[in-house]
Structure formats: C-alpha cells, structure tokens
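Undergrad: based on what follows, work out the 3D shape:
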Amino acid sequence: MVRRKPAGQLQGRGKFRLLARILANSSEDYIVINKKLAVAALAAFASTAALMGGAQAQGRDQIRIVGSSTVFPFTSAVAETFGRGGKFKTPVVESTGTGGGIKQFCAGVGVGHPDLTNASRRIKKSELEGCAANGVTAVSELEVGFDGIVFASSKGATHTDYTIKQIWQALAKQVVVNGQVVANPYKKWSDIDPALPNKEIEVLGPPPTSGTRDAFVELVMDVGCTQFPEVKALPADQAKAVCSQIREDGGYVEAGENDNLIVQKLVANKDAYGVFGYSFLEQNLDKLQGAKINGVAPDLDTIASAKYPVARSMFVYVKSQHVDVIPGIKEFLAEYTSERAFGEEGYLEAKGLIPLPKAKREKVRTDILNLTPVTM
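TA: Residues are numbered from 1 along each chain as shown. Predicted structure coming up:
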C-alpha cells in the first residue's frame, strides 16, 4: 500500500522536480510575478500607514502651534481663552521664530507636524513651494493685525531719536565713507553724527530666523542704504548685499527669539538699544522708551495709519489638511477672528495688537473660516 504525502509537503526528489519547473519558467513570467508581488507589497504598506496615521490622529487631540515670538503673546492669549471654554484642550503654543516655525510647519502632513504657525511677516513664495513639495498643499492665511518694530532703550537712558539712514550706518556690515563702500568703521553713535550720543553702538536684536529680523531688514536696512548714491550705483546683487547684511563685530548682538530677554537686558544696560515688536514696548512702558524714527514716534495711531515707517502686518498660517483630523481648529480660528479677540477694544488690543480696519477684519474672518488658500 502506497501512502500519499500530506498536501504541501514535498520531500526528496519532489523538491528537486518543483525547483526545476520554477527555473524552467521564462524570465518574462518571473518579471510579471515580481511586479504583482511589488504592487501587493506597496498596497499593504499604504494601508498599514493609513491605519497607523489614523491611530496617531486619534491620539492627538490638542492643537499645536509654532512660530513668531512677536505673534506668540497674541496667539497664546487666544489659546488660553479658547481652552477655558472647556470643549477643547488649550492649544500648545511654542515660540520658535517665524523662519523656524514655517520650516516645521512645511515639513509635512500628519500629527507629527504643527497645525498652525505664527509669522511676523508674510510667508514667502519659496516657502509655499517648499510646503507643497512636502505634501502641505492647502495653506490658509489669517492676517492678525498690525505691529511696529521699535528701536527702544531703557527709560533711564538719555532719550535720542534716529533716522533710518543713521540706523543703517550704525548696523550695516559695509557702509559708505568718503564715497567708498568700506567695512563699517563706526564704533560710537557720535562717529556717525556728532549730534548723536557719545557712546558705543550696541544694539540687541533678533537672529536671521526671526520674522522681525526680516521685516527690519526690509523696512530699515534696505531703505536706509538707498540714500547713498554709491550703493545705488552698484550691481544689483552687490547692492542687495551691502544694503541687507548686518555687522558681526559686536555692534549688533543677536539676542535670540525671546523678546522678553531683550527687554531685561535693556533695563540692565542703559547704553544699549533693542529691536523688537511694539507690543513688547507697550507692555514695558514703565521700563522702556521708544525712539522716534524719521521724526515719528511709535504708537497705536501712527502704526495703524502707517505714518510710523517701521510698521508691518502679522499672520497665522493654517494647515487646512489638519482641520478634519485635529479637533477644534475651526473653532479656534473662529475665536481668533471674533470681535472680542482681534477687534477694536478686544482682548488682543489690550496686549498691544493694533487691529485691522473693520472691513478688512470681516474679509479676514470670512476667508479663514472658509479655509481660503493663500495666493501669491
């Protein structure tokens, strides 16, 4: 009696016969089989990744926000008010600087990436393109309000006013002296103009990752240099570098993204000046004073009317692809754009925000609640 081997069990010569048949198959069949296996493997991987992503999404029930130190106090105030409502957890707000925040925001889609980012300048076209390259294809813009960049000092220091031209001469890496573009030789303010203080040039300001730094370069450095025909006569690329590069020999000190730290250092050093958002000056008027720039003092009216020459808008950017994944984002945006928050006499104005005109606020509210994509 012959016993049959159980199905699926090949032994001895059976194994070799099977191997021979496999080897006898054409290379074309082999490729087809492998393609099918590859497609199946990719499908399985995608399915697993989606399931994992869904599980992670369910695990994060708190909005995460990064970005500008200037916009940080306003967004934090909205987050605290929103959290007190009780329906959603208080969003986590981190101060990482505008550039650093946008970089994190644009790194990808998913619960491992921030949902919103604060910015003290408008997002750049190149940054939006970077977002899209990483799958962040739906970005919406919330214009929060106005702010000014101040040139402030300790209240105990002698009050001095400056022009944009003088500030550029003090802080540029290269300046014009006797008709020539040279490395900045100015050590004291009085070296620039005898009428200015006879004290060392020492300015504490934000690093290159800061939106405030970007806006300061655009509104002060790039404007101040144009008052020198020698710079305007340079080739475009060279002129741009001369205008925007800030000195690195100690006259300008990068003080990090923490504007409160700059305030503390100014209180301790009466000879220093600080560059930061107007809201921080308003919160510390008992300790600090703001210089007039081109004869205009920074205040709510001059910044809102753009009479103050160093005024800019502030923004929050929203990753619209996260709205249906992370709970509370739309409700948070509704709170942010409510009249009690960013309107006239709203709680953000009490923190130094200069509100947008009413018609502009209504448009901003409509656009952000509809998640209208930002356009360049």
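
Undergrad: what pLDDT is listed against the closest residue to D61 other than its chain neighbours?
TA: The shortest distance from D61 to any non-neighbouring residue, by C-beta to C-beta, 6 or more residues apart in numbering, is to P327 (5.5 Å). In short, each C-beta sits where N, CA and C put it, glycine included. Here the pLDDT value assigned to P327 is 96.

Undergrad: tell me the secondary structure at P327.
TA: Using DSSP: H, G, I helix; E, B strand; the rest coil, the structure places P327 in coil.

Undergrad: may I see the buried residues of the helix or strand G148 falls within?
TA: Taking DSSP states H and E as the criterion, G148 maps to strand 139-154. Across strand 139-154, burial judged by 16 or more other C-beta atoms under 10 Å covers 139-154.

Undergrad: picking up where we left off before, separation between the residue nearest to D61 and P235?
TA: 54 Å (C-beta to C-beta, to the nearest Å).

Undergrad: ok, now which ones touch G205?
TA: By C-beta atoms under 8 Å, 6 or more residues apart in numbering, the residues touching G205 are 212-213, 216, 252-255, 262, 274-276.

Undergrad: same check, this time on E257
TA: E257 neighbours (C-beta under 8 Å, 6+ apart): 69, 95-97, 100, 206-207, 209-210.

Undergrad: adding neighbour count and pLDDT, write the residues you listed out as a markdown table.
TA: Formatted as a markdown table, these follow (neighbours: other C-beta atoms under 10 Å; pLDDT from 0 to 100):
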| residue | neighbour count | pLDDT |
| --- | --- | --- |
| S69 | 28 | 90 |
| S95 | 23 | 94 |
| T96 | 23 | 93 |
| G97 | 28 | 92 |
| G100 | 20 | 94 |
| P206 | 30 | 90 |
| P207 | 14 | 92 |
| T209 | 18 | 88 |
| S210 | 28 | 90 |
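
Undergrad: okay, N34: pLDDT?
TA: 44.

Undergrad: narrow the contacts of G205 to those in strands?
TA: 252-254, 274-276 (DSSP state E).

Undergrad: okay, now L288: neighbour count?
TA: Residues near L288, counting by other C-beta atoms under 10 Å, number 23.

Undergrad: so the nearest residue to it once chain neighbours are set aside bridges to which residues?
TA: Excluding the flanking residues, the one nearest L288 by C-beta to C-beta, 6+ apart is A152, at 4.9 Å. Beta-bridge partners recorded for A152 (DSSP bridges): G274, G290.

Undergrad: and the gap between A152 and T117?
TA: 26 Å.

Undergrad: what of V364?
TA: Using C-beta to C-beta, V364 is found at 17 Å from T117.

Undergrad: then G145?
TA: Relative to T117, and taking C-beta to C-beta, G145 is found at 17 Å.

Undergrad: please apply the same query to P309.
TA: Taking C-beta to C-beta, one finds P309 at 27 Å from T117.

Undergrad: returning to what we had before: neighbour count winner among P327 and P235?
TA: P327 (18 against 8).

Undergrad: how about the residue nearest to I329 when sequence neighbours are not counted, what does it touch?
TA: For I329, ignoring the flanking residues on the chain, the nearest one in space by C-beta to C-beta, 6+ apart is V323 at 4.8 Å. Neighbour list for V323: 329-330, 371 [criterion: C-beta under 8 Å, 6+ apart].

Undergrad: let me know the pLDDT of V323.
TA: For V323, pLDDT reads 96.

Undergrad: list the buried residues of the one helix or strand V242 maps to.
TA: Per DSSP H and E: V242 is located in helix 236-244. For helix 236-244, the neighbour count (16+ other C-beta under 10 Å) marks 239, 242-244 as buried.

Undergrad: which strands and helices lie in contact with it?
TA: helix 222-224, helix 229-232 (3 or more C-beta pairs under 8 Å, 6 or more residues apart in numbering; DSSP states H and E).

Undergrad: try 7 Å this time
TA: helix 229-232 (3 or more C-beta pairs under 7 Å, 6 or more residues apart in numbering; DSSP states H and E).

Undergrad: ok, and what's touching the helix it packs on?
TA: Here helix 229-232 makes contact (C-beta atoms under 7 Å, 6 or more residues apart in numbering) with 176, 179, 181, 225-226, 239, 242-243.

Undergrad: what two of these are the furthest from one another?
TA: Using C-beta to C-beta, those span at most 17.2 Å, a distance reached by G179 and C243.

Undergrad: measure stretch 123-140 end to end?
TA: This stretch, stretch 123-140, spans 11 Å end to end (C-alpha to C-alpha, to the nearest Å).

Undergrad: actually, stretch 327-344.
TA: One end of stretch 327-344 to the other measures 29 Å (C-alpha to C-alpha).

Undergrad: between the helix or strand R365 falls within and strand 139-154, how many degrees?
TA: Element membership for R365, per DSSP H and E: helix 358-369. Counting by axes from the mean of the first three to the mean of the last three C-alpha atoms, to 10 degrees, helix 358-369 lies at 130 degrees to strand 139-154.

Undergrad: which helices and strands sit right next to the strand holding G148?
TA: Strand 139-154 packs on helix 211-216, helix 259-268, strand 273-277, helix 278-282, strand 288-290, helix 300-304, strand 311-319, helix 358-369, going by 3+ C-beta pairs under 7 Å, 6+ apart.
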